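Engineer: requesting a structural model of the entry that follows:
(2 chains)
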Amino acid sequence: MKKSKWSLLLTLVLALSMFLAACSGGEKEKAGDSKDGEGTTSEKPAEPQVLNILDGEEIPSMDSSLATDAVSFEVLNNVMEGLYRLDKDNKPTPGVALSHETNEDGTVYTFKLNPEAKWSDGSQVTAKDFVYSWRKALHPDTLSEYAYIMGPIKNANAIQTDGDPLYGKVEELGVKAVDDTTLEVTLEAPAPYFLGLTGFATFYPQKEEYVKSQADKYALEANTLLYNGPFVLNEWKHNEGWQYKKNDQYWDKENVKLDEINVKIVKDQATMVNLYETGQTDITGLSMEYVDQYKDNEDLYTRGEATVFFLRLNQKSEALKNANIRKAIDMAYDKQSMVDVLLNNGSVPAYYLVPSDLASSPDKEDFRKTNGNFGEYNVEKAKELWAAGLKELGKDSVELELLNYDSDGAKKMGEFFKNQLEKNLPGIKVNIKAQPFKQKLELESKGEYDFSYAGWGPDYQDPMTFLDMFVTDGAHNQMAYSNPEYDKLINDAKKEMDQKKRWEMMLEAEKVLFEDQAISPLYQRGVTGLQKPYVKGLAHHLFGADVSYKWAYIEGKQ
Amino acid sequence: MLRYITKRVFAMLLTLLIIATITFFLMKLLPGSPFNNQEKLSESQRYALNEKYGLNDPVPVQYINYLGKLAQGDLGYTFQFDGRTVNSMIVNGMGPSATVGFEALLFGTLVGLVLGIVAALRHNSFIDYGAMILAVFGIAIPSFVFAGLLQYYVGVKLEWLPVAFWNGPEYHILPAFSLSVGVIATVARFMRTEMLEILGTDYILMARSKGISKNAVIIKHCVRNSMIPIITILGPMAIALITGSLVIENIFAIPGIGEQFVKSINLNDYPVIMGTTLFYSFLIVVIILIVDILYGIIDPRIRVAGGKS
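Structural biologist: Numbers count the residues shown, from 1 in each chain, chains lettered A, B, ... in the order given. Below is the predicted model of the structure:
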């Protein structure tokens, strides 16, 4: 009897200890993390300048030369500053630079830096910090996945190209610190978008002395990084969230109104909405299924982005090599109802490649406005072209594969496209192949598909970021499209000194692309969400970072 | 006993090696690269990146290199976040995951046992039926449905508990409860069935006829003998719970490890795929060993090599 009692006890102790052992790490973690991260919501006489928001992911990188993704870009944009930064109208406004001058042909920029621009340790941001950081980004050992963005600077491409005599020779880069407050940048060819590009993360300065002192710890935690932007990272709890505090050393701190921004990582859409409803976040994005529910809510916002989605039409496919077939396909599905019914988030149907509101000509006219739309939804005409195409092919039926993303939204789009095509084009059969993101990209780059659902966002504020994708054998062409006329226009435009001529060439290139119906554009993406009316002054951007909090403030919350 | 355990530990290591091998070679069949900006990388940049991470080597060479590091307990660096080791990701992520999982397990097991015992003792009564209807619902309805409902009604409508996030103890209640529903249901059903079977055996009748009180019989004989199947299912259930649930962690914004089991595969994050798989397998083999040892203690008839040592 006695023995069995003990053994029962032993059993329980063993059972317990195995769970406790497994979770002991957890208990410790919890103790350290248990303080309230909700920020100061206590009553103060003046309105507290605290913004509470959500983000979908942990920050992958805080090293400006390594960052590649939307979350990193957004955080960096608010804690760092380049020569210029984009304002709410996406116009470059002075950051570290006070002003700049260009030489006659626009290939040499001389930036005058603001002596008041400081790092968060109080030291001055100098021209050397830019030279160091830009060279670092390009250095082959850094393995920056975004280094190609420096392409417009003299020798940047050669330095990145293995086998080139200049490979790895970063000191040959066209950037020079004349003195502490003068930075001279030489470009390969004039690039009217260069000023805006200096606000992109890869172009931010880094202080060599500090970066080297932190070695491989640099930018891994909130306190192993120097800041020079409107905010600093006060706290960074990995996988949980982070907190911005106003930067006391910032040269323009009079214009920074928010004292604190609390960001929590939330991945579930229903949770985001619930947090918004209970006032724990001031802003949330909305996916399609929630848009109807909040249709009449005055907090609902819709905003256009500069990302365009389109179908790659792979000309490795015998059928899609035929221009009539490509044209027929583009006309045979209703983009308007696709956008209205399936997306319902402020996206607009695209009949073009270069998105609207991205870039304006030297005469200040939007690229889109000049070139207008290409193609339309016209089933009758589609059927005619389809019949003509089939005849040229000598076939009466065609089977094509649509390579798709595996998200719910993309799957619905795929079904819609298949349905419309099979209804409107007699003899077509569309098979859908949905793949996880990375696998989809891989198949696409190998050209193993007929149609692929693809998207492209701008890297800089110029039509070229879209147009040079489709030059013959371009890395992002991926659909065997080749037109010497198109190639010539793009290559000439890249070298053209006269901005008006350059613009004309780009307009012409887009026309050529659509005469060939090289792609079938789907939509220009929009985003929908909820934002409390007391959040004011957010600046949204079309490339790089999505948003700047520099000018944001809280008004009328109480 | 010691010899038995030593033998088992060797078998465990072998199992882990086999799992590591299969996972490694299967993982290398995944198309695509682990780089975040794959879409915009040029061919030469991609080559340089592959070179740096040793991904241009033949797969068997990569495998040997990996095993070498693994033997030193180094799981490598993730591709998702700069400069973060897989070891630190697992350690940091396991904290919240295991906390919630353990709370759910403890609560679920206790409530489940009580429900099961009561149902068996009040066989064919309303309590029995009630408990079993609850159990069927608990098994049939997935935890994320409970989680969603709880979050909305308790968090948003009643405002009794926080909607999400990971701060004080009150933040644990909803996720732990959502996870425990399945545990309660499973444990209750197993316990009831076992108890009913044992209540009908001859030795229980004999114990009662010897004059031992009903309560003593139930605790010392019935419950103890019913523990075998419970222990068997609790092992794997415990591991599933403490390694975190992707959906529950997403719904309540818990910074756990759960999502990495799926995300790492989608992102081709090789070191994390290996790390999470091996970690999970390691827990499984350890738990199986512990469960086997527990069997012997609960029921001497199953004691494997115990007689001799």
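Engineer: excluding its backbone neighbours, what's nearest the closest residue to chain B within the stretch 351-500 of chain A?
Structural biologist: Distances between the stretch 351-500 of chain A and chain B by Cβ to the nearest Cβ are smallest at A:K438, namely 3.5 Å. In this view, the C-beta of every residue, glycine as well, is placed from N, C-alpha and C. Spatial nearest neighbour of A:K438, excluding adjacent residues (Cβ to Cβ, 6 or more residues apart in numbering or on different chains): B:G32 at 3.5 Å.
Engineer: need the distance between the two termini of stretch A:87-104.
Structural biologist: 26 Å (Cα to Cα, to the nearest Å).
Engineer: what segments of the stretch 251-400 of chain A are helices?
Structural biologist: A:269-277, A:288-291, A:323-331, A:335-337, A:367-371, A:379-393 (DSSP state H, counting those that start in this stretch).
Engineer: typo on my end, it should be the stretch 51-200 of chain B
Structural biologist: Counting by DSSP H, counting those that start in this stretch, the stretch 51-200 of chain B has helices at residues B:59-71, B:86-121, B:126-140, B:143-150, B:173-199.
Engineer: who are the packing partners of the last one?
Structural biologist: Packing contacts for helix B:173-199, counted by 3 or more Cβ pairs under 8 Å, 6 or more residues apart in numbering or on different chains; DSSP states H and E, involve helix B:86-121, helix B:126-140, helix B:143-150, helix B:224-242, helix B:246-251.
Engineer: let's have these in JSON lines, adding mean neighbour count, mean pLDDT and distance to A:D105.
Structural biologist: Compiled in JSON lines, the helices and strands packed on helix B:173-199 are given as follows (neighbours: other Cβ atoms under 10 Å in any protein chain shown; pLDDT from 0 to 100; distance: least, Cβ to Cβ, whole Å):
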{"stretch": "helix B:86-121", "mean neighbour count": "23", "mean pLDDT": "93", "distance to A:D105": "51"}
{"stretch": "helix B:126-140", "mean neighbour count": "15", "mean pLDDT": "90", "distance to A:D105": "73"}
{"stretch": "helix B:143-150", "mean neighbour count": "18", "mean pLDDT": "91", "distance to A:D105": "61"}
{"stretch": "helix B:224-242", "mean neighbour count": "20", "mean pLDDT": "87", "distance to A:D105": "65"}
{"stretch": "helix B:246-251", "mean neighbour count": "22", "mean pLDDT": "92", "distance to A:D105": "54"}
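Engineer: out of those helices, which gets nearest to chain A?
Structural biologist: helix B:86-121 (3.0 Å).
Engineer: tell me what angle the closest one forms with helix B:126-140.
Structural biologist: Orientation of helix B:86-121 against helix B:126-140 (axes from the mean of the first three to the mean of the last three Cα atoms, to 10 degrees) gives an angle of 150 degrees.
Engineer: how many residues are close by A:E442?
Structural biologist: 18 (other Cβ atoms under 10 Å in any protein chain shown).
Engineer: mean confidence for the helix or strand hosting it?
Structural biologist: Taking DSSP states H and E as the definition, one finds A:E442 inside helix A:437-446. Averaged over helix A:437-446, pLDDT sits at 85.
Engineer: for that helix, which outside residues touch it?
Structural biologist: With Cβ atoms under 8 Å, 6 or more residues apart in numbering or on different chains as the test, helix A:437-446 has contacts from A:312, A:403-406, A:433, A:435, A:449, A:452, A:454, A:478, B:30-33, B:38-39, B:266-268.
Engineer: give the PyMOL command for selecting the buried subset of these.
Structural biologist: To isolate in PyMOL the members of the contacts of helix A:437-446 that are buried, counting by 16 or more other Cβ atoms under 10 Å in any protein chain shown, one can use:
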select buried, (chain A and resi 312+403+404+405+433+435+449+452+454+478) or (chain B and resi 30+31+32+33+38+39+267+268)
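Engineer: show me the shaky parts of the chain.
Structural biologist: Because you didn't say which chain, this covers chain A. Judged by pLDDT under 70, chain A has its weakly predicted residues at A:1-45.
Engineer: try chain B instead
Structural biologist: For chain B, the ranges with pLDDT under 70 are B:303-309.
Engineer: want to throw the helices and strands packed on helix B:173-199 into TSV with distance to chain A?
Structural biologist: TSV is the format used below for the helices and strands packed on helix B:173-199 (distance: least, Cβ to the nearest Cβ, whole Å):
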stretch	distance to chain A
helix B:86-121	3
helix B:126-140	21
helix B:143-150	6
helix B:224-242	5
helix B:246-251	5
